[in-house]
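Participant: Here's a sequence, model it:
(2 chains)
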2 protein chains.
Amino acid sequence: MVTRARRTRVVERTDDGTVVTLSELPGGLRVITENVPGARSAAVGVWVGIGSIDETPRLAGASHFLEHLLFKGTRTRTGQEIAASIDAVGGELNAFTSHEYTCYYAHVLADEVEMAVRLVCDVVLEAKIAAADVDTERQVILEEIAMRDDDPEDALNDLFASAVFAGHPVAEPVIGTVETIEEMSRTQINGYYKRRYSPDKMVVSVAGAVDHAQAVAWVKSVVAPHLDATVRPAPFRPDSGIRKGSGLHVAVAERDIEQAHLCLGSLALPRRHPQRYALAVLNSALGGGMSSRLFRAVREERGLAYTCYSATSTYAGIGSFSVYAACQPENLGEVAEVIGSELAAARTGLTAEELARAKGQLVGSMVLGLEDNESRMSRIGKNLLVRNEYTSIEAEVDAIRAVTADEVIAVADRVLVDSWSAAVVGPYRRERDLPKELRRILR
Amino acid sequence: MVTRARRTRVVERTDDGTVVTLSELPGGLRVITENVPGARSAAVGVWVGIGSIDETPRLAGASHFLEHLLFKGTRTRTGQEIAASIDAVGGELNAFTSHEYTCYYAHVLADEVEMAVRLVCDVVLEAKIAAADVDTERQVILEEIAMRDDDPEDALNDLFASAVFAGHPVAEPVIGTVETIEEMSRTQINGYYKRRYSPDKMVVSVAGAVDHAQAVAWVKSVVAPHLDATVRPAPFRPDSGIRKGSGLHVAVAERDIEQAHLCLGSLALPRRHPQRYALAVLNSALGGGMSSRLFRAVREERGLAYTCYSATSTYAGIGSFSVYAACQPENLGEVAEVIGSELAAARTGLTAEELARAKGQLVGSMVLGLEDNESRMSRIGKNLLVRNEYTSIEAEVDAIRAVTADEVIAVADRVLVDSWSAAVVGPYRRERDLPKELRRILR
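Facilitator: Numbers count the residues shown, from 1 in each chain, chains lettered A, B, ... in the order given. Predicted coordinates:
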């Protein structure tokens, strides 16, 4: 390979000796590695900045369909060879598709890192997409849709997104619909792949027992035919700000099941919003652990649910804050009332002890996650892709520690609204069948 | 503390510098640690040799009920203090109950290991079990039962155990029944706790950034009041061999859902059976990965299911081999036929390539798991409890590598039977509603 990395630079060195290095190849593909001293394994990810929001309505689910098809064979490997090469070394090989990107990854022992890098790059860049495989995987995806529908919590997640993000592309399910999956042709999917999967939208991240220069060389040897030296990295989706006037909706899916599943939430912050660290602190104190307000109030003090937690989701231009609980239908009204009053109470902010605990939880769990090479690979790869720049661990820790009580109040005032969006999966036909205590805090 | 460890010995030193050390305290409590050079965290577990098979019929679910109650407070800590001390450092604290044992565990950064060891030991040994907490947790467990019933795969697992192990205590669900949970009193649960939770049935395991002598000192300082120097470790349940004449049953649970969930299996081997490594190899080749026979035949070649895998479960005196798949009801007959013919074909053994790949998968995934301190803690703690002795990684690897093609045929001949037990969750009222291709291979 005569192509050289356009720029190679060390972007972080930590006290414990890990070194993060970033190279940009001609053609815009970026390679980021995190060398961890003493690591016995390495995790490899190829992050592609293509997801379900890139699809036209007729192609709904194409990104996820592709994710399945890429494991079915490349120009030089059959699907069985791809699977066998990872199984034979006890490794893991998998992928996931989101609204904004798709990630293909492997986790293997240190001796196998070259094999894994070459394999994952080959899978992503050299897929064959045979017509027979399209038809087989179509059936598999239809099974996956049925599985989602039968799992109350999975169904709830898609339903809640459809409610809170109504009118925005992230309101649509990543998996597509039965209709679009049944209709999609090999030609359409292959065209989508050829048009969309270009190296300028890709980040390869490797963490653990890895040498940066070697990793760059392995990646180059696979992607060389796809590199066009005049192309630069494609910027990720712009932060267009919160979309107004959408999202205040209630969605109900009837199921003949014993529990009612509730997700209650509001439009919150997009990914790079300056208040995001304050929101993380608020979320942690409200519903981030066993000592959080919602878990205590709903489960520990009243025994109303097996679990109750809050969460945030973020995208380039939109985001949500939400609370989840599942309970016997006869308790749904009381659960909604308790959640509603905890959320209202939190608008006045947190105690000093809660603030300190929430920061400790965020920092501690982030550092604890670094022990796992898959987490490290995700952190460096996803961050570089979606932020277009590397954010150091130190910078993240500092930003969390700097959050003030007043900043939490400010963000609470913004996301803890008077009228919530919601999704409910359970024995209800429509919104007016829901208990009045719940309807009172909606809309 | 003047009590000294009765015996302290190093039980394994590996090439990468980890040292496993075991101490037996007066009173029979054992402490086993794995010091991992360079580890940034430690995982702590207390393994108690008490589970649902120790319960009388009226107390069904008592072990799991206890597991919930132990986090509600000790003589010196409230439930909120227990939760807050782990949340504040971003750690994890949890527990699980099985038929034969219960495990309480925490995972924290290296600086917090003393806090975590003292906390988990206090939770297990000094629980208060207040009557009000019993009533609150009763509601939480009833929610958990409803959740199990609404989750087709969870419901299937309990249903399959009831079919294949019929007549044996492990056929009963760990969680108990709505009736026993509703009836159980504080006095009954507290009595069960006082009688059963003795140090001679406990193993404390710590893996990661831990010094053995320190860990022993911390454990002793909490358990000292409970130690009786005349007591030795209680031997784990004896291997009574496979029970004959039970287990050939079919169980159907009707659900108004889109998929049919099938678990098909046979009585196989108890935990310490000499053929267990050969069974592990067979299981891996049949349904242990993406290149396995069942995954290829059912999903990759025919697109009949999103997933299809095989598994083994083992107990002191009994065990099972099983295959799982979920599919549209109209495909259940074909799925059963494909699974049935793959299982029948495997009785003649594996190809040399499959044998090598299965061994590579077992060894590789075991070594890969060692990167995680929670896995290490589980390995050393559970193995010591259920085998009454430490089994080294080296010994496990050697045993897997030594499995021969003939040994696989011998175990295949034993577990791949002519007539299978099965559980089905889906749109079926009873056994005779199942497709004939499935009924043909049952009983």
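
Participant: A:R302: neighbour count?
Facilitator: 17 (other C-beta atoms under 10 Å in any protein chain shown). Using the backbone N, CA and C atoms, a C-beta is placed for each residue, glycine as well.

Participant: Can you check the pLDDT for it?
Facilitator: Reported pLDDT at A:R302 in the predicted model: 97.

Participant: Helix or strand: which one has it?
Facilitator: Counting by DSSP states H and E, no helix or strand carries A:R302.

Participant: same question, the one 10 residues further on
Facilitator: Taking DSSP H and E as the definition, A:T312 sits inside strand A:308-314.

Participant: Counting by contacts, list what that strand packs against.
Facilitator: The contact analysis (3 or more C-beta pairs under 8 Å, 6 or more residues apart in numbering or on different chains; DSSP states H and E) places strand A:308-314 against helix A:276-287, helix A:293-295, strand A:319-327.

Participant: low-confidence ranges in the stretch 301-443 of chain A?
Facilitator: Along the stretch 301-443 of chain A, the parts satisfying pLDDT under 70 run over A:443.

Participant: list the buried ones in the strand holding A:T312?
Facilitator: A:C308, A:Y309, A:S310, A:T312, A:S313, A:T314 (16 or more other C-beta atoms under 10 Å in any protein chain shown).

Participant: now do stretch A:256-266
Facilitator: A:I257, A:E258, A:Q259, A:A260, A:H261, A:L262, A:C263, A:L264, A:G265, A:S266.

Participant: unless I'm mixing things up, the first one is touching A:V424, no?
Facilitator: The reference is to A:I257. No: with contact defined as C-beta atoms under 8 Å, A:I257 does not reach A:V424; the gap is 11.6 Å.

Participant: ok, what's across the strand from the nearest residue to A:A42 once chain neighbours are set aside?
Facilitator: What sits nearest to A:A42 in space, not counting adjacent residues and going by C-beta to C-beta, 6 or more residues apart in numbering or on different chains, is A:G208, at 3.7 Å. Beta-bridge pairing for A:G208 (DSSP bridges): A:N35, A:A42.

Participant: is any part of stretch A:43-55 close to chain B?
Facilitator: No: using C-beta under 8 Å from any C-beta of the partner chain, we find that stretch A:43-55 stays clear of chain B, coming within 10.0 Å at best.

Participant: Confirm that A:S421 sits in a strand.
Facilitator: Yes: using DSSP: H, G, I helix; E, B strand; the rest coil, the assignment for A:S421 is a strand.

Participant: residues near the nearest residue to it once chain neighbours are set aside, how many?
Facilitator: With sequence-adjacent residues excluded and distances taken as C-beta to C-beta, 6+ apart, A:S421 is closest to A:V164, at 4.2 Å. Residues lying near A:V164 (other C-beta under 10 Å) number 32.

Participant: residues touching A:V164, list them.
Facilitator: Contacts for A:V164 (C-beta atoms under 8 Å, 6 or more residues apart in numbering or on different chains) come out as A:A171, A:G247, A:H249, A:G265, A:S266, A:L267, A:S320, A:S322, A:S421.

Participant: A:V223 now?
Facilitator: Contacts of A:V223 were listed using C-beta under 8 Å, 6+ apart, and they are A:L25, A:G27, A:L29, A:C121, A:L125, A:P199.

Participant: Tell me which residues of the helix or strand it falls within come out buried.
Facilitator: Using DSSP H and E, A:V223 sits within helix A:212-223. For helix A:212-223, a neighbour-count test (16+ other C-beta under 10 Å) marks A:H212, A:A215, A:V216, A:W218, A:V219, A:K220, A:V222, A:V223 as buried.

Participant: Looking at those, which gets the smallest pLDDT?
Facilitator: A:V223 (92).

Participant: From chain B, how far out is it?
Facilitator: Separation of A:V223 from chain B (C-beta to the nearest C-beta, to the nearest Å): 24 Å.

Participant: Could you report the neighbour count for the residue lying closest to A:V124 once chain neighbours are set aside?
Facilitator: Excluding its sequence neighbours, the residue lying closest to A:V124 (C-beta to C-beta, 6+ apart) is A:V46, at 4.7 Å. A:V46: 27 surrounding residues under other C-beta under 10 Å.

Participant: Out of the helices and strands packed on strand A:308-314, flag the one nearest chain B.
Facilitator: Comparison of the helices and strands packed on strand A:308-314 against chain B by C-beta to the nearest C-beta identifies strand A:319-327 as nearest, at 6.1 Å.

Participant: Next, see if that closest one gets close to chain B.
Facilitator: Yes: applying C-beta under 8 Å from any C-beta, one finds strand A:319-327 touching chain B at A:A326, A:C327.

Participant: Spit out the contact partners of the residue in the stretch 301-443 of chain A that chain B sits nearest to.
Facilitator: With C-beta to the nearest C-beta as the measure, A:G364 is the residue of the stretch 301-443 of chain A nearest to chain B, at 2.0 Å. By C-beta under 8 Å, 6+ apart, the contact list for A:G364 reads B:A88, B:V89, B:G90, B:G91, B:V108, B:L109.
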